[in-house]
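Novice: Generate a structure from the sequence data that follows.
(2 chains)
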2 protein chains.
Amino acid sequence: MIKKLVVIGVGLIGGSFALALKKAGAVKHVVGMGRSQKNLRLALQLGVIDEVADDYATAVEGADMVFIGTPVGQMPSIMRAIASHLNQRTVITDGGSTKQDVIQCAKDCLGEHFVRFVPAHPMAGAEHSGAAAAKVDLYHGRKVILVPQPKTSVRAVAKVRAAWLACGAKVVRLKAREHDEILAAVSHLPHVVAFSLMGHLAQHKNPKRLLGFSAGGLRDTVRIAGSSPEMWRDIFLANQVALLGELDAYAEELQVMRRALKKKDGATLLSLFEKARRARERWIVPPARQ
Amino acid sequence: MIKKLVVIGVGLIGGSFALALKKAGAVKHVVGMGRSQKNLRLALQLGVIDEVADDYATAVEGADMVFIGTPVGQMPSIMRAIASHLNQRTVITDGGSTKQDVIQCAKDCLGEHFVRFVPAHPMAGAEHSGAAAAKVDLYHGRKVILVPQPKTSVRAVAKVRAAWLACGAKVVRLKAREHDEILAAVSHLPHVVAFSLMGHLAQHKNPKRLLGFSAGGLRDTVRIAGSSPEMWRDIFLANQVALLGELDAYAEELQVMRRALKKKDGATLLSLFEKARRARERWIVPPARQ
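Specialist: Predicted structure coming up:
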């Protein structure tokens, strides 16, 4: 049982973590902190948190666990702000989308408390943000990746693991670099694709009329272009090297298709489509089994 | 009331057309034709059609309306096969995803019956194909584009329009070239994007493990990579010029994003994401209002 949980950044990720722990009876009291007082009041009204803290000192005082659910770009200032107020028992964890940079940041900012920092990343998201987007079952059946470091306390890892299991998630472990490379491919690149496609279509001379003819195909393909721009800027900057590699390989695949189209090479087009279709059928988790 | 409707290609598009007309009481008898006897038997079992025709001659004999719901690449041989069996009353229409090529094909193949050919394209689809994919409400609230030609009979257009209205669709008119340009942007390009993204990910060294870490974002982005490869090969070849234009402009937008990422230019990334997000919110039809 977590007696006092502090959620810094009460949005989709942090809010859903709090709701799921509450539902499981795994937390007693949830304190929220964040940049937007309006969002924190909403979180309080919705029962996502039980209290809004005035400052980091009172927020983290006597906390069992601090969960940082903000975009990764905000983590250095937050970690520096809380470090001097943490006690020797408090476990710190996060939901950041990149891990190498967050771990480096925690090393630099948390000082002696770094041993109780458990880097984590739940494989769930949505194109909505803010406390209103929090959902009690967001993590149900989803993978949560833990990235403990050689110095990370075993007790701290066990506490974070237990919290995620209580949320209904499946906990797996990866090395930080592997995490960032995998996520560049299966999450960050699709966002490049969706943002670029939507950005391209928005430049047509009459996008309103044009998009009035779109159907479910385009809608689903660009759904994640509705994601938080700030969060994604931070992710792109944090995972630049791996993402550039994925982007270039994807752009090359696009050119393979372009060349076949340019030559009106139907056989190659068919084989490219079949390969893609088969891969999707084999390996993409369908909604029902999530 | 359509007394006899012939559906050639009883898949998602043709099957859903038949089901919707039946539900509306706008058709009496539906005859199915197609390449796959197995699919036609399934269509019969599911009540999508009432009869499987043995050949084109008996199929179209005395028909009020012939709907061609096959991939566009099959239309020349089908139109040539039915032309000599059509009577002076039969209205011919289609659901092909491109219109300039289908119209040229109808001009070349239908002879004197071209005046009763009403080129059409419903703005609805799915990543599933075959008779089992047919849905009675597929066209409900969706746009159907009619592309009548200067010589097209007004009576024929009225009949096709009435059929689509009975299916619950909204009927609009476009010129053939405009249709193909709009569809290249809002439908064909998203398929390039989805097929390429899935094709790229399938080439990773362990795609099964990699994609095991994917979540709803990737799943939705590549949903349409499950679409019929044959149908899409035909569409790409038929709409090559417009699609190449869209593909190149999209690839350039991708490079704009790449350059910002390469320079770690957070301000440009943020502004690109915000522009895309705004365009999506303004112009993409959300599922609930469909």
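
Novice: how many neighbours does the residue nearest to A:D64 when sequence neighbours are not counted have?
Specialist: Of all residues beyond its chain neighbours, the one nearest A:D64 is A:I2 (4.8 Å), with distances taken as CB to CB, 6 or more residues apart in numbering or on different chains. For glycine as for every other residue, the C-beta is placed from the backbone atoms N, C-alpha and C. Counted by other CB atoms under 10 Å in any protein chain shown, the residues lying close to A:I2 total 20.

Novice: In this structure A:I2 contacts A:G62, no?
Specialist: No - A:I2 lies out of contact with A:G62 (CB atoms under 8 Å); the separation is 11.8 Å.

Novice: In which helix or strand does the residue nearest the centre of chain A reside?
Specialist: Residue closest to the mean C-alpha point of chain A, counted by CA atoms, centre = their mean, is A:S97 at 4.3 Å. Using DSSP states H and E, A:S97 sits within no helix or strand.

Novice: so it sits right up against A:I182, yeah?
Specialist: No - judged on CB under 8 Å, A:S97 makes no contact with A:I182 at a distance of 11.6 Å.

Novice: can you pull the contacts of the nearest residue to A:G111 once chain neighbours are set aside?
Specialist: Nearest residue to A:G111, sequence neighbours excluded (CB to CB, 6+ apart): A:A83, at 5.5 Å. By CB atoms under 8 Å, 6 or more residues apart in numbering or on different chains, the contact set of A:A83 is A:109-111, A:113.

Novice: who touches the residue nearest to the centre of chain A in this structure?
Specialist: Per CB under 8 Å, 6+ apart, neighbours of A:S97: A:72, A:121, A:183, A:187-188, A:231, A:235, A:238-239.

Novice: Show the average pLDDT along the top helix by length along chain A.
Specialist: When chain A is parsed with DSSP state H, its longest helix is helix A:240-262. Averaged across helix A:240-262, pLDDT comes to 98.

Novice: Just the buried residues of the host helix or strand of A:A81, please?
Specialist: In the assignment (DSSP H and E), A:A81 maps to helix A:75-83. Buried residues in helix A:75-83, defined by neighbour count with 16 or more other CB atoms under 10 Å in any protein chain shown: A:75-76, A:78-79, A:81-83.

Novice: do stretch A:59-77 as well
Specialist: By neighbour count on 16+ other CB under 10 Å, the buried set for stretch A:59-77 is A:59-60, A:63-76.

Novice: Greatest separation within these: which pair is it?
Specialist: Taking CB to CB as the measure, the buried residues of stretch A:59-77 span a maximum distance of 26.6 Å, between A:D64 and A:G73.

Novice: does A:D180 really touch A:N239, like I thought?
Specialist: Yes - A:D180 is in contact with A:N239 according to CB under 8 Å; the separation is 5.3 Å.

Novice: which neighbours do the two share?
Specialist: In terms of CB under 8 Å, 6+ apart, A:D180 and A:N239 are both contacted by the residues A:98, A:100.

Novice: what ranges do the helices span in chain A?
Specialist: Ranges of helices in chain A, per DSSP H, are A:12-23, A:37-45, A:56-60, A:75-83, A:100-110, A:154-166, A:176-183, A:189-202, A:207-211, A:216-221, A:229-238, A:240-262, A:266-283.

Novice: and the angle for the second one with helix A:12-23?
Specialist: Translated: helix A:37-45. Going by axes from the mean of the first three to the mean of the last three CA atoms, to 10 degrees, helix A:37-45 is angled at 20 degrees with respect to helix A:12-23.

Novice: Mean confidence (pLDDT) on the helix holding A:A81, please.
Specialist: Mean pLDDT, helix A:75-83: 97.

Novice: And that helix, how far out from the chain middle?
Specialist: 19 Å (CA atoms, centre = their mean, to the nearest Å).

Novice: picking that back up, out of the contacts of A:S97, which is most surrounded?
Specialist: Counting neighbours by other CB under 10 Å, A:I235 leads the contacts of A:S97 with 27 neighbours.

Novice: which residues touch A:M257?
Specialist: Taking CB under 8 Å, 6+ apart, we find A:M257 in contact with A:269, A:272, B:192, B:195-196, B:199, B:247.

Novice: which of those residues lies closest to B:V31?
Specialist: Using CB to CB, A:L269 comes nearest to B:V31 of the contacts of A:M257, at 32.6 Å.

Novice: these two touch, right, the closest one and B:I235?
Specialist: No - contact between A:L269 and B:I235 fails when scored by CB under 8 Å: they sit 9.8 Å apart.

Novice: intersection of neighbour lists for these two?
Specialist: With contacts defined as CB under 8 Å, 6+ apart, no residue is shared by A:L269 and B:I235.

Novice: List the residues that contact the residue of the stretch 1-150 of chain A found nearest chain B.
Specialist: Closest to chain B within the stretch 1-150 of chain A is A:M123: 4.7 Å, counting by CB to the nearest CB. A:M123 makes contacts with A:142-145, B:213-215, as judged by CB under 8 Å, 6+ apart.

Novice: same question, A:K135
Specialist: Shown here is A:K135, whose contacts under the criterion CB under 8 Å, 6+ apart are A:12, A:16, A:19, A:126.

Novice: could I get the residues you listed as TSV with distance to B:A134 and neighbour count?
Specialist: Output for those, formatted as TSV (distance: CB to CB, whole Å; neighbours: other CB atoms under 10 Å in any protein chain shown):
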residue	distance to B:A134	neighbour count
A:L12	37	26
A:S16	37	28
A:L19	40	25
A:A126	31	19
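
Novice: Return only those of those residues found close to chain B.
Specialist: Applying CB under 8 Å from any CB of the partner chain, the subset of the contacts of A:K135 adjacent to chain B comprises A:A126.

Novice: domains of chain A?
Specialist: Structural domains assigned to chain A are A:2-174, A:178-289, following automatic domain parsing.
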